Every structure is written in structure tokens, then in C-alpha cells.
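*Asks:* Requesting a structural model of the entry that follows:
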Amino acid sequence: KRLSQAEYEEWDAKYKAASTAIKDRDAKTRKVVELLETRLDLLALTGVEDKLQENVQETLEALRHAGVRVWMLTGDKVETAICIAISTSLKARHQLLFVM
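*Replies:* As a prediction, the model looks like this:
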């Protein structure tokens, strides 16, 4: 979003007034920020992918083939945990997935 100098100065004055308000400062500041956060143009998008350590999949397979039961306990979101279980072959296609 491009602002002219006059538009910016008008917004800045409102922001300064809101950020120094004695009563309801947070709500007033949020309201002024929301004025600016409209009709925005997306300039870039990025994503972050957690990489597993090397040989995780092979190690888990070796443990399973040796008869060791492998369980995954995580504090991640369910969707993240499922993706990790699939990417490490911890969960085979025929296996059921239990979410507790």
C-alpha cells in the first residue's frame, strides 16, 4: 500500500494521539493501525520448513525391523505431527493413526 506524504502524516498524527491516550490506549492504537492495514498488496510470501536430522527415516526403519516399537510423542500441532510421521515413514499406509 502506498501512502502519499499527506496520508502518512494524517495517519501518524492519529497514531501518536492513540499511543499517548491515557484511557483505552490499546484499543485506540489497534483501531488506528487497522486503518492502515486495508487494501494491502501482497509483495512476497515465505514458508518455513523444519528439516529432520539426517538418517531419521533409516534409523526408525532399522528399529522397527529389529522389533523395537516406536512411538512418537510430541507437543506439536496434530497436523505437524502427522506430517512428520508420514515423512519419516513412522506411519505406513495400512497403519491406523491414534490421536490422544
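*Asks:* any idea which helix or strand of the chain has the worst average confidence?
*Replies:* Averaged element by element with mean pLDDT, DSSP states H and E, the chain has its least confident helix or strand at helix 78-87 (a mean of 83).
*Asks:* for I82, what are its contacts?
*Replies:* Contacts here follow Cβ atoms under 8 Å, 6 or more residues apart in numbering; on that basis I82 touches K91, L97. Where you see a C-beta, it was placed from the backbone N, CA and C, and this is true even at glycine.
*Asks:* before we move on, back to that, quick check: buried residues in the least confident helix or strand of the chain?
*Replies:* Neighbour-count burial for helix 78-87 flags A81, I84, A85 (criterion: 16 or more other Cβ atoms under 10 Å).
*Asks:* And stretch 55-75, by the same measure?
*Replies:* So, applying 16+ other Cβ under 10 Å, buried residues of stretch 55-75: L60.
*Asks:* avg pLDDT for it?
*Replies:* Mean pLDDT, computed over stretch 55-75, is 82.
*Asks:* Isn't I84 up against L73?
*Replies:* No: using Cβ atoms under 8 Å, I84 is not in contact with L73, being 11.6 Å away.
*Asks:* can I get the CA coordinates of the longest helix along the chain in CSV?
*Replies:* Criterion DSSP state H: the longest helix present in the chain is helix 5-19. The C-alpha trace of helix 5-19 is given here as CSV (Å, rounded to 0.1, in the frame of the first residue of the first chain):
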residue,chain,number,x,y,z
GLN,A,5,3.2,12.2,2.4
ALA,A,6,-0.1,13.9,3.4
GLU,A,7,-1.8,10.5,4.0
TYR,A,8,1.1,9.3,6.1
GLU,A,9,1.2,12.5,8.2
GLU,A,10,-2.5,12.3,8.8
TRP,A,11,-2.2,8.6,9.9
ASP,A,12,0.9,9.3,12.0
ALA,A,13,-0.9,12.1,13.9
LYS,A,14,-3.8,9.7,14.7
TYR,A,15,-1.3,7.0,15.8
LYS,A,16,0.6,9.4,18.1
ALA,A,17,-2.6,10.6,19.7
ALA,A,18,-3.8,7.0,20.2
SER,A,19,-0.5,5.8,21.5
